[in-house]
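Asks: how would this look folded up:
(one chain, ligands or ions: 1)
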Amino acid sequence: MSLSHGLSTDKNWWRQAAIYQIYPRSFADADGNGIGDLKGVTSRVDYLKSLSLDAVWLSPFYPSALADGGYDVDDYRNVDPKLGTLDDFDEMLAALHNVGIRVFVDIVPNHSSNLHQWFKDAIASAPGSAERNRYIFRDGRGANGELPPTDWPSHFAPSAWTHESVWGGEGNQWYMHWFAPEQPDWNWDNPEVEADFLATLKFWADRGVDGFRIDVAHALKKDLSEPLRMRATMEYEEPRDLNGTGILMDRNEVLEVYKTWRTLFNSYDPPRVAVAEANVHPSRLPLYASEETLGQCFDFRFIDATFDSASFKHCVTDSLEMAKKNNSSTTWTLGNHDQMRYATKQGLHPVVDRDEWLLGNGTSHPVDFEIGTQCSVAANVFILALPGCTYIYQGDELGIHEVADIPEDQIQDPIYLRNHKKAKGRDGARVPLPWTRAGENFGFGDGSPHLPQPEWFGSYSVEAEDGVPESPLEIFRKALKLRRELQCAEEITWHKTSRENVLHFSRPNGWNCITNFKGGRYPMPKGEVLLTTQPLVDGKIPSGTTVWFKA
Ligand code: GLC
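Replies: As a prediction, the model looks like this:
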């Protein structure tokens with residue numbers, strides 16, 4: 001593969017890429033304000049390079065009051081001053097490109113924040129004005145409009161409607177928000193909105209950004225025809241409608257938006273790429289991942305799959321079949337900033353209700369840290385051998401665990417704050433990374449981290465694992481490096497094993513992967529061992545272990 005300015009010139013680079021998700025506020029803090037920043041990312045380019053990544057995806061770093069961890073964007077074409085400047089962005093991009101790592105940014109097109117200039121303009125303008133028509137404003141029901149216009153629920157609050165008076169509006173209208181009230185939904189039937197997002201995509205693509213992760217990609221278009229439909233009249237729960245005709249999600253028209261984006265992406269050389277976060281029925285995923293639309297779509301099947309052979313095999317088979325339908329490539333992922341840390345999921349006894357456990361600050365049941373991390377590494381190395389693209393969430397390469405006991409007064413997630421404290425939320429997977437074994441803030445930066453780091457974080461730090469061959473970090477490094485060298489046609493063949501809980505597959509070039517999920521040791525097949533996530537014992541594969549070998 002030839003390289004120009006550090007980047008491969010292969011237009012298909014994205015099909016089997018290893019992409020690392022950076023949650024910028026929790027990655028590395030260069031200026032000591034307790035919040036990770038872009039200079040922090042630049043300062044860690046050597047570390048990222050040591051992982052043999054093809055790309056990084058940065059969660060939002062735009063100006064935001066953080067009502068939803070940055071997914072409430074005040075200005076799509078700028079950097080939050082607490083995280084740096086556009087110059088810092090350019091510097092980071094150049095440094096990453098220089099070592100062959102491409103960059104994805106997160107586009108949040110379903111909603112802005114309430115502090116976006118256009119929403120402020122909308123609140124200050126009269127009902128029916130062009131300013132209001134960029135969002136979804138409606139009169140309320142009831143004699144005096146005192147009831148929300150419909151029964152639409154919000155993901156973070158009981159109702160998807162908030163009265164304008166909350167933000168000082170002097171009229172008597174309500175506006176729609178699928179997420180928090182600080183995240184008003186755009187009116188995607190308004191061409192001005194469409195044009196503004198094209199300008200945003202162009203802004204970043206012109207700066208040299210290689211790809212885009214599209215937040216809640218299925219939600220942009222709503223059925224806003226009057227009278228608005230009530231949800232109670234629907235026979236199914238969205239987004240499980242298979243015809244693309246629901247009220248709020250996964251409507252067929254949204255694909256038209258992405259066709260326009262695709263034209264823009266293809267006007268660049270190399271074409272810009274995208275991945276959709278679309279929580280839709282699996283049969284509809286290929287529509288978002290086609291060559292005419294976004295090209296790729298997250299497949300979240302593994303996130304909640306039980307760590308056993310049957311569910312893993314099912315996920316793989318299904319996902320590969322789906323990707324074939326539209327010439328996309330699969331995306332594998334075990335974690336992200338919205339999920340409990342994968343290692344913790346595996347370290348908890350399967351009967352434990354994870355949400356309740358988290359709500360109780362992790363005190364109700366013990367976590368087996370060691371087994372959890374072992375299984376997490378084994379599962380990651382399993383997915384890294386599959387054809388397609390792999391997304392790795394920052395810290396998962398360290399085998400890090402969920403921080404379950406964040407004190408109530410430090411919780412930031414609207415899932416907790418807005419839902420009557422019924423769910424603890426996602427902060428436990430967003431705690432600033434430990435870089436050093438000890439010392440102030442475990443090397444994250446000089447300022448007190450925006451979420452508290454627990455005592456035990458140091459043993460999962462980069463420093464503690466660096467150079468230790470059996471550590472998660474070194475296993476990831478080795479796997480990612482080998483993966484690059486071994487990459488071949490996007491196919492697999494399953495091989496029979498003599499035990500139910502062992503999966504074995506190979507790639508066309510003789511690259512084999514075998515995972516012993518549970519149970520006793522399993523005899524190692526003949527071949528040259530390339531990598532094992534735990535040492536073999538008397539030539540046998542222990543449980544919770546993945547081995548790569550050449551047959
Ligand atoms: C996506 C993001 C999540 C955010 C939500 C609203 O699901 O991953 O973090 O809360 O969209 O933007």
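Asks: with adjacent residues omitted, what lies nearest to Glu370?
Replies: Once flanking residues are discounted, Glu370 sits nearest to Gly347: 7.8 Å by Cβ to Cβ, 6 or more residues apart in numbering. From N, CA and C alone the C-beta is placed, and that goes for glycine too.
Asks: that neighbour is in contact with His365, isn't it?
Replies: No: between Gly347 and His365 there is no contact under Cβ atoms under 8 Å: 9.9 Å.
Asks: out of these two, which sits in the busier spot?
Replies: Of the pair Gly347 and His365, Gly347 is the one with more neighbours under other Cβ atoms under 10 Å, namely 22 against 16.
Asks: show me what contacts that one?
Replies: By Cβ atoms under 8 Å, 6 or more residues apart in numbering, Gly347 lies in contact with 367-373, 375, 401.
Asks: report pLDDT for it.
Replies: In this prediction, Gly347 carries a pLDDT score of 97.
Asks: and if you look at the one 5 residues further on?
Replies: If you check Val352, the pLDDT there is 96.
Asks: quickly note the distance from it to Gln346.
Replies: Using Cβ to Cβ, to the nearest Å, Val352 is found at 12 Å from Gln346.
Asks: what about these two, which has more around it?
Replies: Gln346 (24 against 15).
Asks: what ranges does the stretch 401-550 of the chain have for its helices?
Replies: Taking DSSP state H, counting those that start in this stretch, the helices of the stretch 401-550 of the chain run over residues 414-418, 462-465, 472-486.
Asks: CSV please, covering the ones you listed and showing mean pLDDT and distance to the ligand.
Replies: Formatted as CSV, these follow (pLDDT from 0 to 100; distance: least, Cβ to the nearest ligand atom, whole Å):
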stretch, mean pLDDT, distance to the ligand
helix 414-418, 86, 8
helix 462-465, 98, 25
helix 472-486, 98, 23
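Asks: those: which one's closest to Ser319?
Replies: Distance to Ser319, taken as Cβ to Cβ, is lowest for helix 472-486 among the helices of the stretch 401-550 of the chain, at 17.8 Å.
Asks: and the closest one, what's buried?
Replies: 472-480, 482-483, 486 (16 or more other Cβ atoms under 10 Å).
Asks: and which of the residues you listed is nearest to Phe442?
Replies: For the buried residues of helix 472-486, the nearest to Phe442 is Leu473 (14.5 Å; Cβ to Cβ).
Asks: and the closest one, how far from Leu51?
Replies: Following Cβ to Cβ, the distance that separates Leu473 from Leu51 is 9 Å.
Asks: pLDDT weak spots in the stretch 251-400 of the chain?
Replies: Low-confidence regions of the stretch 251-400 of the chain, defined here as pLDDT under 70, do not occur.
Asks: ok, for the residue of it found nearest the ligand, nearest residue in space, not its chain neighbours?
Replies: Relative to the ligand, the nearest point of the stretch 251-400 of the chain is Asp338 (4.8 Å; Cβ to the nearest ligand atom). Sequence neighbours aside, Arg426 is the residue nearest to Asp338 in space, at 5.4 Å (criterion: Cβ to Cβ, 6+ apart).
Asks: how far does stretch 390-400 stretch from one end to the other?
Replies: Separation of the first and last residues of stretch 390-400 by Cα to Cα, to the nearest Å is 18 Å.
Asks: that one close to the ligand?
Replies: No: contact of stretch 390-400 with the ligand (Cβ under 6 Å from any ligand atom) is absent, the minimum separation being 11.2 Å.
Asks: in that stretch, what's buried?
Replies: Neighbour count says stretch 390-400 has 390-400 buried, by 16+ other Cβ under 10 Å.
Asks: just put those residues in a markdown table and tack on distance to Trp152.
Replies: As requested, the buried residues of stretch 390-400 are exported to a markdown table (distance: Cβ to Cβ, whole Å):
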| residue | distance to Trp152 |
| --- | --- |
| Thr390 | 36 |
| Tyr391 | 31 |
| Ile392 | 35 |
| Tyr393 | 31 |
| Gln394 | 34 |
| Gly395 | 35 |
| Asp396 | 35 |
| Glu397 | 40 |
| Leu398 | 41 |
| Gly399 | 41 |
| Ile400 | 37 |
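Asks: and those residues as CSV, adding secondary structure?
Replies: As requested, those are exported to CSV (DSSP: H, G, I helix; E, B strand; the rest coil):
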residue, secondary structure
Thr390, strand
Tyr391, strand
Ile392, strand
Tyr393, strand
Gln394, coil
Gly395, coil
Asp396, helix
Glu397, helix
Leu398, helix
Gly399, coil
Ile400, coil
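Asks: which one of those is nearest to Asn252?
Replies: Nearest to Asn252 among those: Tyr391, at 26.9 Å, using Cβ to Cβ.
Asks: for the buried residues of stretch 390-400, which one is nearest Gln296?
Replies: Out of the buried residues of stretch 390-400, the member with the shortest distance to Gln296 (by Cβ to Cβ) is Tyr391, at 10.2 Å.
Asks: for that closest one, list each beta-bridge partner.
Replies: Here Tyr391 shows beta-bridge partners Ile19, Thr333, assigned using DSSP bridges.
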